[in-house]
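In: this is a predicted model, with the sequence first.
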Amino acid sequence: MLKSSKSLISGLRYSAIAAKSAGIAFFNKDAGKKYLLESLGSIPGLSAKAAQLLSMKLEPEKTPVVEPMPLPLVKQLIEDRSPQLGQVIHTIDEQAWVASLGQVHRAELQDGRVVAIKIQYPGVREQLDEQFKILMSAASFGPPKKYQMEVEELTSYFKGSLLEELNYLHEAQRQMEFKKLVPKGLPIVVPEVFTDLSSDLILVQTYENAMKLDSIRTFWPKEAQGDCARLFIEYLFKSSFETGLLHSDPHPDNYGFRPTAPGTNYSHELVLYDFGSTLHIEPRHRATFYQLIHKHLNKENYHPLDYLCYIGFNQEKLTFIADKLPALMDTLLIPLQNEGAFNLQSWQLKERVDTILGNDKWWFRTAGPPWFLMFMRAMQGVLYFMQRMDQQVPFKMLWERCEPPHQVSVPHIDAPLSGSTDSLAQSLHVEVREEGRPIVQLRMPARSVDDLENLVPVETRRRIEEQNLNLIKLKKGVQKSGYKPQMIFHSQCDNRDYKVWLE
């Protein structure tokens with residue numbers, strides 16, 4: 001994740017900079033704490049107590065602030081860690097971008113190539129080792145303990161992933177792999193890595209300039225913003241279901257956009273930055289995911305418990321909420337169930353999930369395998385990015401552009417509350433009859449019940465209120481039931497009969 005520092009003089013001659021080692025060991029000593037706090041906050045299911053424990057190790061009322069190192073310190077680190085790079089730098093910008101655990105400088109090499117040099121802060125690995133020891137003590141606090149969350153397993157997985165991220169040679173390998181597996185036909189730019197100039201603590205790659213989210217929202221026209229949003233979602237779908245390699249650092253500054261050359265199929269291209277955190281989704285897992293979505297969109301009957309357990313969910317934990325899983329899947333897939341464009345601002349995902357699961361959401365979170373929690377972390381970043389973009393996107397159309405993975409045979413789990421999607425209501429009905437003759441008959445998709453208070457005709461709404469009933473409470477009751485077929489309201493007054501139901 002990159003954040004630009006204040007712009008200073010650019011293009012200083014590298015040979016004229018005096019290297020300085022004094023103070024290097026103490027520069028940005030809180031960078032590891034800050035990064036781990038931010039990372040924990042984006043992993044669903046980890047106790048907030050963990051973040052509190054880490055925060056307690058900082059000075060009171062002090063938030064870690066990461067500032068870019070001055071060039072004399074930067075040059076010393078380059079000379080120590082990658083002397084071959086120091087021999088070929090012609091100029092280097094004093095302006096730096098503060099990254100997760102280091103900083104990035106634009107530089108020009110003696111052969112004319114323009115590169116981005118990422119330099120890791122000293123001592124970061126030692127800082128993170130200390131923080132993970134603190135995190136392990138969080139296993140006895142809060143909901144994760146109550147719901148039997150395997151904090152040690154998750155922390156071990158996350159620590160292994162993060163320690164790999166600290167080795168820039170590993171990041172270089174992932175970046176090169178990502179470049180080879182860019183979804184076909186999409187204008188995706190992955191910077192080229194120069195491994196001969198890099199080391200485990202310094203990464204050198206081509207400098208790729210592009211506009212970041214905040215600049216796009218401020219300066220670009222809505223049409224261009226919409227093009228970028230559609231490209232971003234198509235990239236997400238194809239990466240998840242075709243290549244199985246996903247950029248999993250959710251920070252919005254890891255994505256940039258720029259116009260393409262005239263005559264191409266897309267008006268913009270997507271530039272990806274920072275490959276320290278990537279997620280590989282196994283072929284079986286992405287094929288199972290795809291089949292689940294395909295069945296749900298085509299209203300085929302299936303048991304979500306079967307599919308989730310097949311990708312690694314804990315069956316014992318998930319069985320507790322198996323009867324709620326059909327409604328949960330229906331909620332998670334709302335963007336894909338709209339035939340036209342959909343704005344994620346109207347999704348209200350958190351509120352809907354909280355209504356369906358209540359405190360049982362912890363059973364779902366703690367049942368998931370570590371890789372799935374990392375996937376959810378990436379999706380949180382996508383959700384934030386798209387909400388900031390505030391664009392209508394045809395999610396279903398873009399998903400249908402994915403090439404279907406191979407078919408898998410998902411075994412059925414015989415559980416008391418296995419919960420099939422047949423339990424979901426298909427339609428919402430509002431009916432008013434007078435002396436047996438229908439005077440109002442409305443039929444809508446079952447999900448319309450989420451807007452019940454605005455859909456019920458005025459007279460029917462008045463009749464409901466006369467019965468001291470609240471439409472919003474009635475709606476909440478339907479949501480908590482998992483959208484099962486049911487009578488929502490039925491009343492007779494004089495010669496009229498009022499009914500609202502799901503079937």
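Out: Thanks, I have it.

In: and Arg377, what pLDDT?
Out: What the model reports for Arg377 is a pLDDT of 77.

In: domains of this structure?
Out: With domains defined by automatic domain parsing, the chain comprises 3-166, 281-422, 425-502.

In: average pLDDT for the shortest one?
Out: Predicted confidence along domain 425-502 averages 84 (mean pLDDT).

In: quick one: closest of the domains of the chain to Met176.
Out: Closest of the domains of the chain to Met176 is domain 3-166, at 14.8 Å (criterion: C-beta to C-beta). C-beta coordinates here come from the backbone N, C-alpha and C atoms, glycine included.

In: picking up where we left off before, in JSON lines, list the domains of the chain along with distance to Glu223 and mean neighbour count.
Out: Formatted as JSON lines, those follow (distance: least, C-beta to C-beta, whole Å; neighbours: other C-beta atoms under 10 Å):
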{"stretch": "domain 3-166", "distance to Glu223": "26", "mean neighbour count": "17"}
{"stretch": "domain 281-422", "distance to Glu223": "10", "mean neighbour count": "18"}
{"stretch": "domain 425-502", "distance to Glu223": "29", "mean neighbour count": "15"}
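
In: which of the ones you listed has the lowest average pLDDT?
Out: Ranked by mean pLDDT, the domains of the chain end with domain 3-166 at the bottom, a mean of 69.

In: how about the helices in the stretch 101-250 of the chain?
Out: Taking DSSP state H, counting those that start in this stretch, the helices of the stretch 101-250 of the chain run over residues 124-136, 142-146, 151-166, 168-180, 213-219, 222-238.

In: show me what counts as buried in the fourth one.
Out: Of the residues in helix 168-180, those scored as buried under the neighbour-count criterion (16 or more other C-beta atoms under 10 Å) are Tyr168, Glu171, Ala172, Arg174, Gln175, Phe178, Lys179.

In: which neighbouring elements make contact with that helix?
Out: helix 151-166, strand 202-206, strand 245-247 (3 or more C-beta pairs under 8 Å, 6 or more residues apart in numbering; DSSP states H and E).

In: can you put these in CSV and add distance to His296?
Out: Shown next, in CSV, are the helices and strands packed on helix 168-180 (distance: least, C-beta to C-beta, whole Å):
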stretch, distance to His296
helix 151-166, 28
strand 202-206, 40
strand 245-247, 21
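
In: looking at these, which is nearest to Glu192?
Out: strand 202-206 (4.6 Å).

In: send me that closest one as PDB with only the CA atoms.
Out: Provided in PDB are the C-alpha atoms of strand 202-206 (Å, rounded to 0.1, in the frame of the first residue of the first chain):
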ATOM      1  CA  ILE A 202      15.100  -4.200  -1.900                       C
ATOM      2  CA  LEU A 203      12.700  -4.600  -4.900                       C
ATOM      3  CA  VAL A 204      13.300  -2.900  -8.200                       C
ATOM      4  CA  GLN A 205      10.600  -2.900 -10.900                       C
ATOM      5  CA  THR A 206       9.500  -0.700 -13.800                       C
END
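
In: report the rounded mean pLDDT for that strand.
Out: 97.

In: what helices or strands is that strand leaning on?
Out: If you count contacts as 3+ C-beta pairs under 8 Å, 6+ apart, strand 202-206 packs onto helix 71-81, strand 114-120, helix 168-180.

In: I'd like the ones you listed written out as TSV, with distance to Arg388 added.
Out: Output for the helices and strands packed on strand 202-206, formatted as TSV (distance: least, C-beta to C-beta, whole Å):
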stretch	distance to Arg388
helix 71-81	32
strand 114-120	24
helix 168-180	24
